[in-house]
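> fold the following and give me the result.
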Amino acid sequence: MLFLTLFIVVVIAVVGFAVWPALADTSGEPPGTRASAAAADLAGRGEAKPESLEGVLVVQLMAGEITRSQYLHSIEGLAARDDDRHPLAVPPEIGPADA
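Model (predicted):
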């Protein structure tokens, strides 16, 4: 009986900690506003800015400026463009693998 009680308490605590950030974000600000302000603060302190398009997309995703599906679509386009510019060259087979 003690095990069941402790198990229920632990499950409730884990669910509470998982849901807490969603409940605490009731400030009424748009989703990306606070993250953009934090990114501007980092830039003001001289933190490194992303130097590649992938880095910019990650910063936008983390700031809430783009959605996950927009991020995936952009990365897919980057991968296709990279494949066109630098195709993978597979070396020819020399002989049987068991030799």
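> any idea which helix is longest in the chain?
As assigned by DSSP state H, the longest helix anywhere in the chain is helix 2-24.
> tell me how far that helix is from the chain's mean position?
Distance, stretch centre to chain centre, for helix 2-24: 25 Å (Cα atoms, centre = their mean, to the nearest Å).
> list the helices and strands it packs on?
Using 3 or more Cβ pairs under 8 Å, 6 or more residues apart in numbering; DSSP states H and E as the contact definition, helix 2-24 packs against no other helix or strand. To be clear about C-beta, it is placed using only N, CA and C from the backbone, and glycine gets the same treatment.
> CA atoms of that helix as PDB?
Included here for helix 2-24 are C-alpha records, laid out as PDB according to Å, rounded to 0.1, in the frame of the first residue of the first chain:
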ATOM      1  CA  LEU A   2       2.900   2.300   0.800                       C
ATOM      2  CA  PHE A   3       4.400   1.700  -2.700                       C
ATOM      3  CA  LEU A   4       1.200   2.500  -4.400                       C
ATOM      4  CA  THR A   5       0.800   5.800  -2.400                       C
ATOM      5  CA  LEU A   6       4.400   6.800  -3.200                       C
ATOM      6  CA  PHE A   7       4.000   5.900  -6.800                       C
ATOM      7  CA  ILE A   8       0.900   8.100  -7.100                       C
ATOM      8  CA  VAL A   9       2.600  11.000  -5.400                       C
ATOM      9  CA  VAL A  10       5.600  10.700  -7.700                       C
ATOM     10  CA  VAL A  11       3.400  10.600 -10.800                       C
ATOM     11  CA  ILE A  12       1.400  13.600  -9.700                       C
ATOM     12  CA  ALA A  13       4.700  15.500  -9.000                       C
ATOM     13  CA  VAL A  14       6.100  14.700 -12.500                       C
ATOM     14  CA  VAL A  15       2.900  15.700 -14.200                       C
ATOM     15  CA  GLY A  16       2.800  18.900 -12.200                       C
ATOM     16  CA  PHE A  17       6.400  19.800 -13.200                       C
ATOM     17  CA  ALA A  18       5.700  19.000 -16.800                       C
ATOM     18  CA  VAL A  19       2.500  21.200 -16.900                       C
ATOM     19  CA  TRP A  20       3.800  24.100 -14.800                       C
ATOM     20  CA  PRO A  21       5.600  26.100 -17.600                       C
ATOM     21  CA  ALA A  22       2.500  26.000 -19.700                       C
ATOM     22  CA  LEU A  23       0.300  27.300 -16.900                       C
ATOM     23  CA  ALA A  24       2.800  29.900 -15.800                       C
END
